[in-house]
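J.: what would the 3D arrangement of this be:
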Amino acid sequence: MPAGSSKKRERQYEHIKESAQERGASAERAKEIAARTVNKERARAGESKTASKTSTRDKKSAYQRGGERSHSGAQGPTRDQLYEEAKKKNIHGRSSMNKRELKQALGH
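T.: Below is the predicted model of the structure:
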C-alpha cells in the first residue's frame with residue numbers, strides 16, 4: 001500500500017488480495033491486482049496526487065462494470081454475450097445458432 005493510505009483503503013487492499021488468492025492467483029499476482037484496484041479507486045475518489053485518464057473518466061468502477069469490457073479484443077464478444085443480445089432482439093432460432101451464425105443474425 002502507498003504511504004499515507006487510509007485504514008479503509010488498507011482493508012480494501014487486504015480484502016481484494018485475499019479474494020484473488022482464493023480464486024487461485026499467486027501471492028504476487030494477488031498483491032498486484034489489489035494494488036492496482038485500490039490505486040484506481042483512490043484516483044477516482046481524488047485521494048491520489050496523480051491519476052490516469054481512464055482512472056478518472058470511467059463512469060463506473062471496475063466492480064460496477066462487471067466485465068463489461070471483457071471479450072472486446074480480436075475475437076469479439078462470446079457466444080453467450082451474442083446469445084443474450086439476440087434474446088433481447090427476439091431473434092428466432094437463436095438457441096440452435098453458433099457464434100458465427102449469431103454474429104450474422106445480429107449484423108456484427
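J.: care to break the chain down by domain?
T.: The chain is divided into the following domains under automatic domain parsing: 7-57, 71-108.
J.: quick one: end-to-end distance for stretch 81-101.
T.: 13 Å (C-alpha to C-alpha, to the nearest Å).
J.: let's see the pLDDT reported for Gly73.
T.: Confidence at Gly73, expressed as pLDDT, is 57.
J.: buried residues in the helix or strand where Gln21 lies, which are they?
T.: For Gln21, the host element (DSSP states H and E) is helix 7-22. Within helix 7-22, the residues that count as buried by 16 or more other C-beta atoms under 10 Å are Arg9, Gln12, Tyr13, Ile16, Lys17, Ala20, Gln21. Every residue, glycine included, has its C-beta placed from N, CA and C.
J.: in TSV, list those along with distance to Gly107.
T.: TSV is the format used below for these (distance: C-beta to C-beta, whole Å):
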residue	distance to Gly107
Arg9	45
Gln12	42
Tyr13	44
Ile16	39
Lys17	43
Ala20	38
Gln21	43
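J.: can you give me the helices in the protein?
T.: Secondary structure of the chain (DSSP state H): helices located at 7-22, 27-44, 53-57, 62-65, 79-88, 99-106.
J.: next, the angle from the longest one to helix 7-22.
T.: For helix 27-44 against helix 7-22, the angle by axes from the mean of the first three to the mean of the last three C-alpha atoms, to 10 degrees is 140 degrees.
J.: now for helix 27-44, which elements pack on it?
T.: When contacts are defined as 3 or more C-beta pairs under 8 Å, 6 or more residues apart in numbering; DSSP states H and E, helix 27-44 packs onto helix 7-22, helix 53-57.
J.: could you dump the ones you listed to JSON lines with mean pLDDT and distance to Ala35?
T.: Output for those, formatted as JSON lines (pLDDT from 0 to 100; distance: least, C-beta to C-beta, whole Å):
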{"stretch": "helix 7-22", "mean pLDDT": "93", "distance to Ala35": "7"}
{"stretch": "helix 53-57", "mean pLDDT": "66", "distance to Ala35": "13"}
